[in-house]
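In: need a structure here:
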Amino acid sequence: MTKALYKSPAAKEKVARSKSFNIDNGAGTTIDDCVIRFDRAITLRKAQIVYNDATTGTVAAGNACIGTTVGGSEIVASTAYENAKAVGTITAMTLVSEAIKDVAVNTPLHVRHTGVAITQAGEAVVELYYTVDDD
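Out: Numbering: from 1, shown residues only. Next up is the predicted model:
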């Protein structure tokens, strides 16, 4: 008999962070990072881009997305970086659908960064806020 997963209302939200992406690593150049692969089911609560170096120039052609495969975007579609963002500011990322927020056991979550021309500046990380089912 399979035990149904129970999400306690007191479950603590946790954060996983991608590596830091240099936004101006080259126009259209991609970098992939497997941020988390959990041995229990998780529920993704939100995702956001956090700038850890101020952006200068036009960086909006660059973006980040989240999926269960390298380069995937079924969890969060491509979200453009924003111009003129100060250190510590954020850009919210939108989950594709409420149904996709439940992530099965041993399913990796990958972030794909797509850069802009190397004449711009800025660095960012992607943060994933989640709770562990049965926590």
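
In: what comes into contact with the lowest-mean-pLDDT helix or strand in the chain?
Out: In the chain, no helix or strand scores lower on mean pLDDT, DSSP states H and E than strand 102-103, which sits at a mean of 88. Applying CB atoms under 8 Å, 6 or more residues apart in numbering, the external contacts of strand 102-103 come out as 38, 41-44, 68, 75, 109, 130, 133. (Glycine included, C-beta is placed from N, CA and C.)

In: Among the residues you listed, which one is most surrounded by other residues?
Out: Of all those, the highest neighbour tally under other CB atoms under 10 Å goes to Leu109, namely 25 neighbours.

In: Could I get the contacting residues of that residue?
Out: Leu109 neighbours (CB under 8 Å, 6+ apart): 16, 34-37, 44, 66-68, 75, 103, 128.

In: try 6 Å this time
Out: 35-36 (CB atoms under 6 Å, 6 or more residues apart in numbering).

In: Please, which helix or strand holds it?
Out: strand 108-114 (DSSP states H and E).

In: What residues sit buried inside that strand?
Out: By 16 or more other CB atoms under 10 Å, the buried positions in strand 108-114 come out as 109-114.

In: same thing with stretch 62-81?
Out: For stretch 62-81, by 16+ other CB under 10 Å, it's 62-67, 72-73, 75-76, 79, 81.

In: Tell me the bridge partners for Val15.
Out: For Val15, the beta-bridge partners under DSSP bridges are Tyr129.

In: who's in contact with the biggest strand by length in the chain?
Out: Longest strand in the chain by number of residues (criterion: DSSP state E): strand 42-56. With contacts defined as CB under 6 Å, 6+ apart, strand 42-56 is touched by 13, 20, 64, 66, 76, 85-87, 89-93, 101-103, 121-132.
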